[in-house]
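In: Quick one: sequence plus predicted model below, questions after.
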Amino acid sequence: MYADLWLHTGSAKVAGYELHKIKRSDIPFLRRKIGIVFQDFQLLSDRSVEDNLSFVLRATGWNDKSKISKRIAEVLMQVGLGTAQKRMPHQLSGGEQQRVVIARAMLNEPKILIADEPTGNLDPEVGDQIMQVFKTINNAGTAILMATHNHDFLRKFPARVLKCENGSVVEG
């Protein structure tokens, strides 16, 4: 969905880009319209929360320091980490690190957020908290596509369910 792999058959359209026709030069622009939350955090361990987030903004064309600071404060508040800017990843719990990853994914106000097993490395209580964050983000208008094997989440947080079955995506 974020053009990491090429489509060999069929077609797909994500955030206005036709993946079966996308040019390599358009991939960075597609990725600015989607947010990605990985299971294993992938934070830069030698940088503070603020520096992890500002790195992404600068890499996507932001250069006004005051706008960068304002946006970082906004997304950290959105995920419940309003005072974490100066902390290092190792100073955060797993749930807090995942909230930073979600904040990072929300920096450029994506149309869709893709989450790959975002609670897989977290205990059930923290997983529920992360799901609440996703629910809030979704209620604010961002579509969320999440891969999970946790059937409890499907019961606690009812939503449209799709399954990958025999190479096809089907309603669950």
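Out: Arrived safely.

In: ok, and the closest non-adjacent residue to L81?
Out: Distances taken as CB to CB, 6 or more residues apart in numbering place R99 nearest to L81, at 5.2 Å, with adjacent residues excluded. (C-beta placed from N, C-alpha, C; glycine too.)

In: Pull out the buried residues from the helix or strand harbouring that neighbour.
Out: Per DSSP states H and E, R99 falls inside helix 94-106. By neighbour count on 16 or more other CB atoms under 10 Å, the buried set for helix 94-106 is G95, E96, Q97, Q98, R99, V100, V101, I102, A103, R104, A105, M106.

In: Redo these as CSV? Include distance to I34 and pLDDT.
Out: Listed next are the buried residues of helix 94-106 as CSV, based on distance: CB to CB, whole Å; pLDDT from 0 to 100:
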residue, distance to I34, pLDDT
G95, 23, 90
E96, 23, 93
Q97, 21, 93
Q98, 18, 91
R99, 19, 91
V100, 18, 95
V101, 14, 94
I102, 13, 94
A103, 15, 95
R104, 12, 95
A105, 8, 94
M106, 11, 94
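
In: L57: which of those residues is nearest?
Out: Nearest to L57 among those is R104, at 9.5 Å by CB to CB.

In: okay but M1 is in contact with A12, surely?
Out: Yes: the criterion here is CB atoms under 8 Å, and M1 meets it with A12 at 7.3 Å.

In: to the chain's geometric centre, what's the distance from the longest helix along the chain?
Out: When the chain is scanned for its longest helix (criterion: DSSP state H), the result is helix 124-139. From the chain centre to the centre of helix 124-139 is a distance of 12 Å (CA atoms, centre = their mean, to the nearest Å).

In: Extract the residue ranges of this protein that are flagged as low pLDDT.
Out: Judged against pLDDT under 70, the chain has no low-scoring part.

In: Let me see the ranges of the helices in the protein.
Out: 27-32, 49-59, 65-78, 94-106, 124-139, 151-156.

In: contacts for the second one?
Out: The one in question is helix 49-59. By CB atoms under 8 Å, 6 or more residues apart in numbering, the residues outside helix 49-59 that reach it are 43-44, 47, 68, 71-72, 75-76, 81, 84-89, 92, 100, 103-104, 107-108.

In: buried sites along that helix?
Out: By neighbour count on 16+ other CB under 10 Å, the buried set for helix 49-59 is V49, E50, N52, L53, S54, V56, L57.

In: closest to T136 among those residues?
Out: In terms of CB to CB, no member of the buried residues of helix 49-59 lies closer to T136 than L53, at 18.6 Å.

In: Quickly note the distance from that closest one to E171.
Out: 36 Å (CB to CB, to the nearest Å).

In: for G95, same thing?
Out: In this view, G95 and E171 are 31 Å apart by CB to CB.
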